[in-house]
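Chemist: next input, structure requested:
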Amino acid sequence: MKIGLFGGTFDPVHNGHTQIARAFADELALDTVIFLPAGDPYHKNAPRTPAEHRLAMTQLAVRDDARFAVSDCDIVRSGATYTVDTVQIFRQQFPQAQLWWLMGMDSLLQLHTWKNWQMLVRQTRIAVAARGESSLSAVPSELRNWLGGALENGTLHLLQTPLYPVSSSEIRGRLKSGPAADEWLDAAVADYIRCHGLYRG
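Modeler: Numbers count the residues shown, from 1 in each chain. Predicted coordinates:
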């Protein structure tokens, strides 16, 4: 079984998230992609929408693709949540599965700063989505040896589909100032945001 893990704050989840998840599943022939809304991401200090709303919006956004699922694994854990611990939980739950973790190119270039990153890349394969101007040419020296071997043995995959040109922060900014952002959101997610009065100024 091949399982993709897709972590993020999803504040809010938007069409770019589901587009790259489909590319993730298609290019790697994944059986399922599990969205993991963050609980307490240690590397982001900005206020977040309450987890129950982000979880509910993510469940709405993925409802039409049978390959997609949502887990509250990172929400129900107390304190800071680290990717290496999340992956270990799924490794224990699916010991025979081939696990993949999806991240953006900017995150890959910072991977050496993540908690126990060497253990992480032994526990899961890494899929990378292109983002902005970041490229492998900027990889830091701490990652070069691992990167070369991972590309050669197939445990690192660069997705061919570029990221959707919008971010959750842009959507929040637009909604705060008043205009709708429906073109970037699943219709049910947009309705949920209006119903619960989220992201207003």
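
Chemist: how far does the helix or strand that contains Leu60 sit from the chain's center?
Modeler: Assigned by DSSP states H and E, Leu60 falls within helix 51-61. Distance, stretch centre to chain centre, for helix 51-61: 14 Å (Cα atoms, centre = their mean, to the nearest Å).

Chemist: packing partners for the very next helix or strand once past it?
Modeler: Of the helices and strands lying after helix 51-61 in sequence (DSSP H and E), the nearest is strand 68-70. On a contact count with 3 or more Cβ pairs under 8 Å, 6 or more residues apart in numbering; DSSP states H and E, strand 68-70 meets helix 15-28, strand 32-37, helix 51-61. For the C-beta atoms, the positions are set from N, CA and C on the backbone; glycine is no exception.

Chemist: mind checking the SS state of the residue lying closest to Arg77 once chain neighbours are set aside?
Modeler: Closest residue in space to Arg77, ignoring its immediate chain neighbours: Gly39 at 5.9 Å, by Cβ to Cβ, 6 or more residues apart in numbering. Under DSSP: H, G, I helix; E, B strand; the rest coil, Gly39 falls in the coil class.

Chemist: which residues touch Gly39?
Modeler: Contacts for Gly39 (Cβ atoms under 8 Å, 6 or more residues apart in numbering) come out as 51, 74-77, 81.

Chemist: now with 6 Å, please.
Modeler: 51, 74-75, 77, 81 (Cβ atoms under 6 Å, 6 or more residues apart in numbering).

Chemist: pLDDT wise, what is it at?
Modeler: Listed pLDDT for Gly39 reads 83.

Chemist: how about Ala180?
Modeler: 84.

Chemist: that one looks like it's in a strand, true?
Modeler: No. Per three-state DSSP, Ala180 lies outside any strand segment and is coil.

Chemist: residues near Ile171, how many?
Modeler: Neighbourhood size, Ile171 [other Cβ atoms under 10 Å]: 22.
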